[in-house]
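Asks: A structural model of the following input is requested.
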Amino acid sequence: MNTSTPFNRVVIAGGGTAGWMMAALMSKLLGKQLDIKLVESEEIGTVGVGEATIPALHTFHNLLGINEAEFMAATNATFKLGINFEGWKAPGQDYFHSFGATGNDHWSAGFQHFWLKGMAEGLSKTYTDYNPETVAAFANRFAHLPRNGLNYAYHLDASRYAKFLRAMSEGYGVQRIEGKIARVLKHETDAGAARAGDIAALQMEDGNRIDGDFFIDCTGFRSLLLGEALGVGYEDWSYWLPCDRAVAVQTASVREAWPYTRSIAHPFGWQWRIPLQHRVGNGLVYSSKELSDADAPEVLKRNVEGELLTTPRVIRFTPGQRDKVWERNCVAVGLASGFVEPLESTSIHLIQRSAIRLMQLFPAGGIQQSDMDEFNRQSKRELEHIRDFIVLHYHVNERTDSALWQHVREMDILPTLRHRIDLFRETARVFRPSDELFAEISWVQVMMGQGILPQRYHPVADQMNREELARFLGDIHLKVARIVGALPQHQAYVEQLCAPYRQASVAQLAATPLQA
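Replies: Down below sits the predicted model:
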């Protein structure tokens, strides 16, 4: 599909995190050239459970010029240094997937090779003892360090985040339209052969018609525009990712917020705990074959701490991706484009990547097939990489407590993942394509955490004798201990960072005269 017709009317269908992230970036970059409208309804709730992020969000915030402390105060955010996987290998056996580097790599071989030799000679401590993010996480400490000394992401209130981005977007000229979409209208043949079949407008329930030249589908799992109106199919990944439900609830905090996400395995799936400044986000991701929708809320209630602040709600989903995420004059973003469960906190990242990718390939002079093909190729490859990494967590396990865990352990996995596992098991090597999200260290941490201990290490490690290796490992461990020992407590640091913005907000309210 190629059209040479330029356009300036962009309609974003749906709000929430996806809609407002897209609106914020597009209006910041192209707001002076485009007429951007966002349609959403207060009556339609958002999924709003994507409340843990990964460090790549810093890139998005830098593009928008967001002040970190202001953002954290507005969204009640806390810092996140990684994820603690509890019982994923087997009940009672935990491991930590941290951000940042572990130990010191050599150009020919990663730190894991030197650590493996140290293990063979009785010199190595636990692998994560050489990672400052992990040690800081369990010490409940955090601070910003020079030269990105600690790599971090955030836990945030998704609803507040959408409101924060909405205010920014409206400041750049985005027009928000309240209402429900009744129909998606398409161009007929009298609009010209090039446009026939394109989306023409959104017909609202109140009779209003929202015309546009280019549409962004942020309508969630339903995918009202790309899936329903344009008929783009969906590739189902349930064989590899059999969990098809989630139930979420918010609870009051009963302890200081810890700087990491907890992921707790159960026979029916797994549970998340995400600590914010003012509450804790909780949820179960489960297989409906192992746990009924009727029982799931009660199971969740029994596995949380603190007073319930919301009513548990069940969310149904099918893991997978749209056959295309850009078709004709419509791009799907967020859940409308596909979904891999939130095990590694990639949902917000995928929205971010779609927004940036669309800005890089934005069809201001008319839609070109080459742009569409490149957008779809990159989107598909990115989600498949993430899928393989998520499947790794399930497939390599020793749990025997349910049919779910037996299935994922015995299932046939894709050749791309099989090669990675075999390569690491036999040689301790990991190689990462340049466009892949998760770095080598992430694969190393999860594979070793799930119980894969490599059979050999790189011969460069044998260049050190026992005394040299002991000194090498000891110096790294001492450096990590010194870094973490100098850090303040996480909660105190967050409160100090956010205090000026809370005080400014209180002062502003106090100065605002009451309206009769």
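Asks: Name all residues that make contact with Arg9.
Replies: Leu34, Asp35, Lys37, Asp211, Gly212, Asp213, Phe214 (CB atoms under 8 Å, 6 or more residues apart in numbering). (C-beta placed from N, C-alpha, C; glycine too.)
Asks: Likewise for Thr102?
Replies: Phe111, Gln112, Tyr127, Thr128, Tyr130, Asn131, Thr134, Ile441, Val444, Gln445.
Asks: so the fourth one touches Asp94, yeah?
Replies: What that stands for is Thr128. No: judged on CB atoms under 8 Å, Thr128 makes no contact with Asp94 at a distance of 10.4 Å.
Asks: helices and strands around the lengthiest helix in the chain, which ones?
Replies: When the chain is parsed with DSSP state H, its longest helix is helix 369-395. Here helix 369-395 touches strand 320-322, strand 326-327, helix 347-360, helix 403-410, helix 415-427, helix 440-449, going by 3 or more CB pairs under 8 Å, 6 or more residues apart in numbering; DSSP states H and E.
Asks: Which among the ones you listed is found nearest to Glu68?
Replies: Taking CB to CB, helix 347-360 is the member of the helices and strands packed on helix 369-395 nearest to Glu68, at 15.8 Å.
Asks: centre of the chain versus the closest one, how much separation?
Replies: 11 Å (CA atoms, centre = their mean, to the nearest Å).
Asks: Give the buried residues for that helix.
Replies: Ser347, Ile348, His349, Leu350, Ile351, Gln352, Arg353, Ser354, Ala355, Ile356, Arg357, Leu358 (16 or more other CB atoms under 10 Å).
Asks: And the contacts of Thr102, which two are furthest apart?
Replies: Farthest pair in those, by CB to CB: Gln112 and Thr134, 14.5 Å.
Asks: if we can go back for a sec, right, so of the helices and strands packed on helix 369-395, which gets closest to Leu473?
Replies: helix 440-449 (16.2 Å).
Asks: For stretch 442-449, what is the distance to the chain centroid?
Replies: 18 Å.
Asks: Shouldn't Ala246 be within a helix?
Replies: No: according to DSSP: H, G, I helix; E, B strand; the rest coil, Ala246 belongs to no helix; its state is strand.
Asks: Quick check: bridge partners of it?
Replies: Beta-bridge pairing for Ala246 (DSSP bridges): Val285, Ile315.
Asks: Near it, how many other residues are there?
Replies: 22 (other CB atoms under 10 Å).
Asks: where's it relative to Leu226, distance?
Replies: 22 Å (CB to CB, to the nearest Å).
Asks: ok, now Asp94?
Replies: Counting by CB to CB - Asp94 and Leu226 are separated by 40 Å.
Asks: okay, the two: which has more neighbours?
Replies: Leu226 (30 against 15).
Asks: residues in contact with the more buried one?
Replies: Leu226 touches Asp217, Val232, Arg322, Lys324, Val325, Glu327, Cys330, Val331, Ala332, Ala336, Ser337, counting by CB under 8 Å, 6+ apart.
Asks: Go again with 10 Å.
Replies: Counting by CB atoms under 10 Å, 6 or more residues apart in numbering, Leu226 touches 13, 184, 199, 215-217, 219, 232, 234, 322-328, 330-333, 336-337.
Asks: Now do the contacts for the residue minimising distance to the centre of the chain.
Replies: Among the residues of the chain, the one closest to the centroid is Thr346, at 2.1 Å (CA atoms, centre = their mean). Thr346 is in contact with 50, 52-54, 56, 339-340, 352-353, 382-383, 385-387, 389-390, 437-438, counting by CB under 10 Å, 6+ apart.
Asks: Please apply the same query to Pro500.
Replies: Pro500 neighbours (CB under 10 Å, 6+ apart): Ala69, Glu70, Ala73.
Asks: would you list the residues you listed in CSV and tack on distance to Ile476?
Replies: Converted to CSV, those look like this (distance: CB to CB, whole Å):
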residue, distance to Ile476
Ala69, 32
Glu70, 36
Ala73, 36
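Asks: what about the residue nearest to Tyr260 when sequence neighbours are not counted, how many neighbours?
Replies: Distances taken as CB to CB, 6 or more residues apart in numbering put Ala137 closest to Tyr260, at 4.4 Å, once the chain neighbours are dropped. By the criterion of other CB under 10 Å, Ala137 has 29 neighbours.
Asks: helix or strand for Ala137, which one?
Replies: helix 132-138 (DSSP states H and E).
Asks: Remind me what that helix packs against, helices and strands.
Replies: strand 78-80, strand 82-90, strand 93-98, helix 466-485 (3 or more CB pairs under 10 Å, 6 or more residues apart in numbering; DSSP states H and E).
Asks: so where is the stretch 1-150 of the chain shaky, pLDDT-wise?
Replies: 1-6, 44-50 (pLDDT under 70).
Asks: Sorry, wrong one. I was asking about the chain.
Replies: 1-6, 44-50, 189-194, 503-516.
Asks: returning to what we had before: out of the contacts of Thr102, which comes closest to Thr318?
Replies: Distances from Thr318 to the contacts of Thr102, taken by CB to CB, are shortest for Gln445, at 28.8 Å.
Asks: can I assume the closest one is in contact with Trp115?
Replies: No: counting by CB atoms under 10 Å, Gln445 does not reach Trp115; the two are 11.7 Å apart.
Asks: okay, and the common contacts of these two?
Replies: With CB under 10 Å, 6+ apart, Gln445 and Trp115 have common neighbours Thr102, Tyr127.
Asks: Check whether Arg357 really touches Val331, as I assumed.
Replies: Yes: contact criterion CB under 10 Å: Arg357 and Val331 qualify, at 9.1 Å.
Asks: and for those two, which residues touch both?
Replies: With CB under 10 Å, 6+ apart, Arg357 and Val331 have common neighbours Val325, Phe375, Ser379.
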